[in-house]
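Chemist: Build me a structure from this.
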Amino acid sequence: MAEIENKIRNLEDENYRLKEELDYEMFSAREAFRIVVESNLDSIIGIDNNCCIILFNPAAEDMFQYVEKEVLFKPVEILFKEEVEEEYHNKLIKFLNEGIFERDILNKTTEVLFKRRDGTYFEGETSFAVGRGKTNLYIVLTIRDISDKKKLERDLIESEAKARTLLNTPHQSILLIDHKGNILDCNKNCRQLFADNHPNIIGKHISNCINKNITSDLITKIEWVYSSGEILRYETQFDDEYFDNIIYPVLDIDKKVFQTVFVSNNITDYKQK
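Modeler: Below is the predicted model of the structure:
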């Protein structure tokens with residue numbers, strides 16, 4: 001009898017030990033999850049099978065200007081811009097209830113317009129992850145504010161369009177030249193500079209494309225601009241035409257010259273007057 005009682009006692013002790021280990025592992029897992037969620041710089045938002053918010057990390061509070069308790073158990077569409085509310089709400093509900101999820105969203109990054117508490121909007125880069133509970137599915141949204149990135153992209157496109165417009169001004173010949181003397185770009189008005197109106201000069205050395213009468217002098221001047229970092233202006237005469245030339249240094253982020261721009265203005269009419 002005593003032996004049986006000892007076995008029962010040992011079994012109870014083993015069960016208690018296993019339960020302690022399991023509780024500790026579950027606690028560790030929860031702590032690890034909490035640390036990852038709370039320290040993440042991206043917004044992390046959990047959604048239950050009713051499409052309501054069940055998780056809202058500190059980054060989401062900063063991004064959306066809500067305190068967590070203000071949005072918990074509220075419909076997630078309060079965070080979307082009105083035009084995308086219905087689209088994404090329907091897709092999320094369809095998945096959570098039917099397990100059907102469009103492939104254009106799942107495991108992919110999507111750009112979505114979100115709405116802050118004050119009613120302003122921002123562009124967010126969003127990814128959707130899927131979890132499975134005991135009886136239902138849930139979704140975790142990871143959101144990154146890309147408003148500044150998109151603005152920079154738009155500004156870059158706009159500046160490139162402006163640059164291209166200036167590049168094709170009717171009175172100037174413009175060449176973009178790298179440190180090796182290769183032509184990176186040019187406008188349509190450079191024909192008087194090219195040997196035999198060379199049609200394909202991009203990527204070629206200026207000595208192979210520009211009239212020999214001005215090549216050696218131009219190379220010398222470009223090398224001086226590279227070494228000095230200064231703007232150089234000078235006049236030339238070619239086939240009874242006069243040109244006012246400027247070579248500009250193009251600086252990189254470290255203030256070093258990595259390209260030059262050669263601008264030539266035909267001033268023949270001015271000279272004749």
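
Chemist: per-residue pLDDT, the closest residue to residue 204 other than its chain neighbours?
Modeler: Closest residue in space to residue 204, ignoring its immediate chain neighbours: residue 183 at 6.0 Å, by CB to CB, 6 or more residues apart in numbering. C-betas here are computed from N, CA, C, even on glycine. Residue 183 carries a pLDDT value of 87.

Chemist: so what strands line up beside the one helix or strand residue 183 maps to?
Modeler: Element membership for residue 183 (DSSP states H and E) is strand 183-186. Using DSSP bridges, strand 183-186 pairs in its sheet with strand 172-178 (antiparallel).

Chemist: Extract the CA atoms of the partner strand and return them as PDB.
Modeler: The C-alpha trace of strand 172-178 is given here as PDB (Å, rounded to 0.1, in the frame of the first residue of the first chain):
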ATOM      1  CA  GLN A 172      21.400  75.500 -75.100                       C
ATOM      2  CA  SER A 173      23.400  72.400 -75.800                       C
ATOM      3  CA  ILE A 174      23.800  70.300 -72.600                       C
ATOM      4  CA  LEU A 175      25.900  67.200 -71.800                       C
ATOM      5  CA  LEU A 176      26.100  65.200 -68.600                       C
ATOM      6  CA  ILE A 177      29.600  63.700 -68.400                       C
ATOM      7  CA  ASP A 178      31.100  61.300 -65.800                       C
END
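
Chemist: can you list contacts of it?
Modeler: Strand 172-178 has contacts (CB atoms under 8 Å, 6 or more residues apart in numbering) with 167, 183-187, 189-190, 192-193, 206, 222, 250, 258-266.

Chemist: sorry, back to before: what residues of the strand holding residue 183 count as buried?
Modeler: 183, 186 (16 or more other CB atoms under 10 Å).

Chemist: gap between residue 223 and residue 249?
Modeler: 12 Å (CB to CB, to the nearest Å).

Chemist: Those two: who's more crowded?
Modeler: Neighbours were counted for residue 223 and for residue 249 using other CB atoms under 10 Å; residue 249 has more, 20 against 13.

Chemist: To which secondary structure element type does the more buried one belong?
Modeler: State at residue 249, reduced to three classes by DSSP: H, G, I helix; E, B strand; the rest coil: strand.

Chemist: how many neighbours does the residue lying closest to it once chain neighbours are set aside have?
Modeler: Computed as CB to CB, 6+ apart, the closest residue to residue 249 that is not its neighbour in sequence is residue 257, at 4.3 Å. Using other CB under 10 Å, residue 257 has 17 other residues around it.

Chemist: what does residue 65 give?
Modeler: Residues within reach of residue 65, counting by other CB under 10 Å, total 13.

Chemist: Phi first, then psi, for it.
Modeler: Note on residue 65: backbone dihedrals following degrees, to the nearest 10 are phi 70, psi 20.

Chemist: so it touches residue 118, yeah?
Modeler: Yes - counting by CB atoms under 8 Å, residue 65 touches residue 118, with 6.1 Å between them.

Chemist: re the thing from before, quick one: residues contacting the residue nearest to residue 204.
Modeler: Applying CB under 8 Å, 6+ apart, the residues contacting residue 183 are 175, 176, 177, 201, 202, 203, 204, 205, 206, 209.

Chemist: ok, now with 7 Å
Modeler: Residues near residue 183 by CB atoms under 7 Å, 6 or more residues apart in numbering: 175, 177, 201, 202, 203, 204, 206, 209.
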